[in-house]
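Undergrad: how would this look folded up:
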Amino acid sequence: MKLKNVLAVVLGVFFTHIAISQEGLPIYTDYLTDNYYLIHPSMAGAANCAKIRLTGRQQWFGQDDAPKLLTLSLNGRIGDSQSAVGGILYTDKNGYHSQTGAYVTYAHHLMFSRSEVDLNMLSFGLSAGVIQYKLDETSFLFDGPDPIINGTVRNEGNFNMDFGFSYHYLDFYAHGTVKNMLKNSGINNDIEITSNLRRYLISAGYVYNRYGSEWSFEPSIMFQHKDGTKESSIDANAKAYKDMEFGKIWGGLSYRTSLDGAEFLTSSGSVRSQKLQQITPIIGVNYNQFMFAYTYTYQTNSVVFTNGGFHQFTLGYNFNCKRKRYECNCPAVN
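TA: Sure, this is the predicted structure:
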């Protein structure tokens, strides 16, 4: 294999690891497909409808053992109370490593406005999850005793928790979440750096709309930081919505960049550095109580594992809906 191809594989795996947590539910841009609950437990039951969302993601078409992710989430209010519950099931496969997890969530929403006409709500959410990790070492090169590789299929189960808050005020919103609060190391319990899987997420956005217009626009950002490896990245997002007789059509663009880089050696022997850069266009439609969305993530780095992108489809259904309670441009709530 040529040096250039080796570097492409190494860097592709490295940058994919930044974007993907192999210890817990991965953080992609699927939260932008009307699914903030996937990353912020405080968003369980925040909307006027109960929501069910099914998401499938396939990376690097044509590559053997390419990463695949499937998630199913459900959340809604408990009757007319301020409390809500939710649940997430997911399975994530990445080469020899795979994991299956289940989370349950309790959220509580506090209203500070005098009536439901003006939105002023503070929410808290706590998720608890059980994750089953699997590492298939049966095809690893093995020619003698090794304290790390034993040539078997290794399984390990762990428990972890996420905690977060959300604040909605009229057309503005902000979220903060700590994921993987507890110290555990998944299946790599001999590697010191994986014992701390804690991740911090901060999101904020605003929805603009001119009075009487069918169009609204939503810029937002999300910052994430991995405590154990000190890696950080930021998403800059922009979405547009158009009201239709049957519901709503919408689309947008997300740009993710890492704040940390990696050096690599080129075929000419020079040392260069690059950071993770991803562009994700998003399209979606709300038809009555149904929702469909598609996202395509393209990595723009000069050295990548493959030129193919990451395809993701989301299907959703809203049920047990109540009337739109707030006079605001707040698609995640109304």
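Undergrad: which residues in this protein form strands?
TA: 50-59, 68-77, 83-94, 97-111, 120-136, 153-169, 172-179, 199-206, 215-226, 231-243, 247-265, 271-287, 290-299, 310-319 (DSSP state E).
Undergrad: what's the angle between the first one and strand 83-94?
TA: With axes from the mean of the first three to the mean of the last three CA atoms, to 10 degrees defining the directions, strand 50-59 sits at 10 degrees from strand 83-94.
Undergrad: next, the angle strand 290-299 makes with strand 50-59.
TA: Using the same axes, to 10 degrees: strand 50-59 against strand 290-299 is 30 degrees.
Undergrad: what is strand 50-59 packed up against?
TA: The contact analysis (3 or more CB pairs under 8 Å, 6 or more residues apart in numbering; DSSP states H and E) places strand 50-59 against strand 68-77, strand 310-319. In short, each C-beta sits where N, CA and C put it, glycine included.
Undergrad: also the longest one?
TA: With contacts defined as 3+ CB pairs under 8 Å, 6+ apart, the packing partners of strand 247-265 are helix 3-19, strand 231-243, strand 271-287.
Undergrad: can you check the last one too?
TA: Strand 310-319 is packed against strand 50-59, strand 290-299, with contacts defined by 3+ CB pairs under 8 Å, 6+ apart.
Undergrad: out of those strands, which one sits most buried?
TA: strand 50-59 (a mean of 20; mean count of other CB atoms under 10 Å).
Undergrad: now that strand: mean pLDDT?
TA: The average pLDDT within strand 50-59 is 91.
Undergrad: now do stretch 136-154
TA: pLDDT averaged over stretch 136-154 gives 66.
Undergrad: between the helices and strands packed on strand 310-319, which one is nearest to residue 244?
TA: Closest approach to residue 244 among the helices and strands packed on strand 310-319 (CB to CB): strand 290-299, 13.2 Å.
Undergrad: what mean pLDDT does that closest one get?
TA: Strand 290-299 comes out at a mean pLDDT of 93.
Undergrad: now swap in stretch 97-106 and tell me
TA: Stretch 97-106 comes out at a mean pLDDT of 93.
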